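Asker: kindly return the folded structure for what I paste below:
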Amino acid sequence: MQELPDPIELENLDGLGAGAVGEPGERAFYLQARAADAQLTVLVEKEQVALLATEAVAFLDRIADDYPEDAISLPTQAAELREPTVPLFRARLIGLGFDPERELVLIELRERTTSDDEEDDEVLSAEDVDDEDGDGFVARIYATRPQVRAMAARGAAAVAAGRPLCPLCDMPMDPAGHRCPRWN
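Answerer: Below is the predicted model:
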């Protein structure tokens, strides 16, 4: 079996995707990067995809003054997940950064945090992510800004395609019915 580099680094991507597999209420969410003959799939939480989509677009908008973007855009279909969607690990931390020399966005995915049991899953700036790896996988994905924007749009659409929320309690409603706690 081939040993994986530590950290895993992917650049010159053919695709960067975000999405969900399964029926609403039972879906699993993934981030996926494809480069040449390599594909990295990482299991993430729905909230992480939603936050990454929001934060990535805001991050790109903030750096646009200093590093203007080309007018190139990718359709959201370019950011769809590809089979197989077998994850290598589950991301606990997701960091965002920018390499100004190559003009590529860095998305860093970490399996464990230094205080794994105490922190919630979250999205941080790359500067906030501690370099002390500890155990677990670390993946660094370098993507173009159009790839990141397409991934963010696709991820936001996947999150929105879930079960509708109850107007009273904001909890997801199952098609078979919903026992709203506000009715008690």
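Asker: work out for me the element the nearest residue to residue 70 once chain neighbours are set aside sits within.
Answerer: Spatial nearest neighbour of residue 70, excluding adjacent residues (C-beta to C-beta, 6 or more residues apart in numbering): residue 146 at 7.7 Å. Glycine gets a C-beta too; all of them are placed from N, C-alpha and C. Using DSSP states H and E, residue 146 sits in helix 145-160.
Asker: the strands in the protein, which residues?
Answerer: 8-10, 15-21, 28-35, 38-44, 89-90, 93-99, 104-110, 122-125, 138-143 (DSSP state E).
Asker: spit out the contact partners of residue 86.
Answerer: Shown in contact with residue 86 (C-beta atoms under 8 Å, 6 or more residues apart in numbering): residue 41.
Asker: any idea how far residue 75 is from it?
Answerer: From residue 86 across to residue 75, the span is 26 Å (C-beta to C-beta, to the nearest Å).
Asker: residue 174 now?
Answerer: 32 Å.
Asker: ok, residue 13 next?
Answerer: Taking C-beta to C-beta, one finds residue 13 at 16 Å from residue 75.
Asker: out of the two, which sits in the busier spot?
Answerer: Higher neighbour count among residue 13 and residue 75: residue 13, with 19 against 10, using other C-beta atoms under 10 Å.
Asker: in this structure that one contacts residue 144, no?
Answerer: Yes: using C-beta atoms under 8 Å, residue 13 is in contact with residue 144, at 7.5 Å.
Asker: ok, now how distant is residue 138 from residue 165?
Answerer: 35 Å.
Asker: residue 180 too?
Answerer: 11 Å.
Asker: if we can go back for a sec, residues touching the residue nearest to residue 70, list them.
Answerer: Taking C-beta under 8 Å, 6+ apart as the test, what residue 146 contacts is 69-70, 72-74.
Asker: and if you look at residue 107?
Answerer: Per C-beta under 8 Å, 6+ apart, neighbours of residue 107: 16, 31, 52, 56, 94-96, 140-141, 143, 148.
Asker: for residue 17, see how far away residue 157 is.
Answerer: In terms of C-beta to C-beta, residue 157 sits 12 Å off from residue 17.
Asker: okay, those two: which has more neighbours?
Answerer: More crowded of residue 157 and residue 17, by other C-beta under 10 Å: residue 17, with 26 against 15.
Asker: low-scoring pLDDT stretches of the protein, where are they?
Answerer: 1-5, 113-134, 184 (pLDDT under 70).
Asker: have a look at it and report its longest helix.
Answerer: Scanning the chain for the helix with the most residues, using DSSP state H, yields helix 46-63.
Asker: just the angle for it relative to strand 93-99, thanks.
Answerer: 20 degrees (axes from the mean of the first three to the mean of the last three C-alpha atoms, to 10 degrees).
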